[in-house]
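Trainee: model the following, please.
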Amino acid sequence: MPISHTTGPSTAAEEGAPGEPIMLELVDESGRTIGTAEKLSAHVSPGRLHRAFSVFLLDDRGRLLLQRRALGKYHSPGVWSNTCCGHPYPGEPPFLAAARRTTEELGVAPVLMREAGTVRYTHPDPHSGLVEQEYNHLFVGLVGGEPRPDPEEVAEIAFADPWEMAVLPGDGPFSAWFPTVLEAALPAVRDLAPDAGW
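Mentor: Just a heads-up that it's a prediction; the model follows:
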């Protein structure tokens, strides 16, 4: 079964206001907020542990919506990853941040999105030398319409089942964090799409 690829017109504003630094919420190992840091500085090696989120949206056939990150992104450009990743603003609930960024990046609102746990990891980005040191909140849900990705954020999208995902690395690698967040989210993905083979 072929993979469905789509791109579309810009529908989202940049994350953060132009000219203003984007601030992240720093956390301890249990996920408690301990301060803030500017986004880029939090990713400079060895990295600072900060709050993040990862979204996994499925279509009505149980296929996972994946995105290939835009080539212009300073961090992990051109790699495939899950539906949406990002960082809440300081004080912003992760659920609201996940819904907001999914809509901004992909032009589609998630449906029946629910929490799927957390995962903590440290992953260097071999391309940029930056480090993802994250306390990541996971969310799983359904695609609520036809995606219209913002080309400044997303180069390409694909709906893929587990077998179709095997061919995607031929078009470009997966993000360093993708295997970790996918494994952590799989129980919730399987609950949502029990017959999809996940």
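Trainee: for the chain, what spans make up the strands?
Mentor: With DSSP state E, the ranges of strands along the chain come out as 4-6, 23-27, 33-38, 50-58, 64-69, 80-81, 84-86, 110-124, 131-143, 154-160.
Trainee: pretty sure Tyr121 sits against Val131.
Mentor: No - Tyr121 is beyond contact range of Val131, at 10.4 Å (criterion: CB atoms under 8 Å). C-beta coordinates here come from the backbone N, C-alpha and C atoms, glycine included.
Trainee: ok now do the residue nearest the centre of the chain, which residues does it touch?
Mentor: By CA atoms, centre = their mean, the chain has its centre lying nearest to Cys85, at 2.0 Å. Residues in contact with Cys85 (CB atoms under 8 Å, 6 or more residues apart in numbering) are Ala52, Phe53, Ser54, Val55, Ser175, Trp177, Val181.
Trainee: about what we covered before: most tightly surrounded among the strands of the chain?
Mentor: Greatest average neighbour count among those goes to strand 50-58 (a mean of 26), per mean count of other CB atoms under 10 Å.
Trainee: what's the single longest helix in this protein?
Mentor: Longest helix in the chain by number of residues, with DSSP state H as the criterion: helix 178-192.
Trainee: contacts for that one?
Mentor: Applying CB under 8 Å, 6+ apart, the set of residues contacting helix 178-192 from outside is 54, 56, 58, 62, 64, 79-82, 85, 112, 114, 116-119, 121, 123, 136, 138, 140-142, 198.
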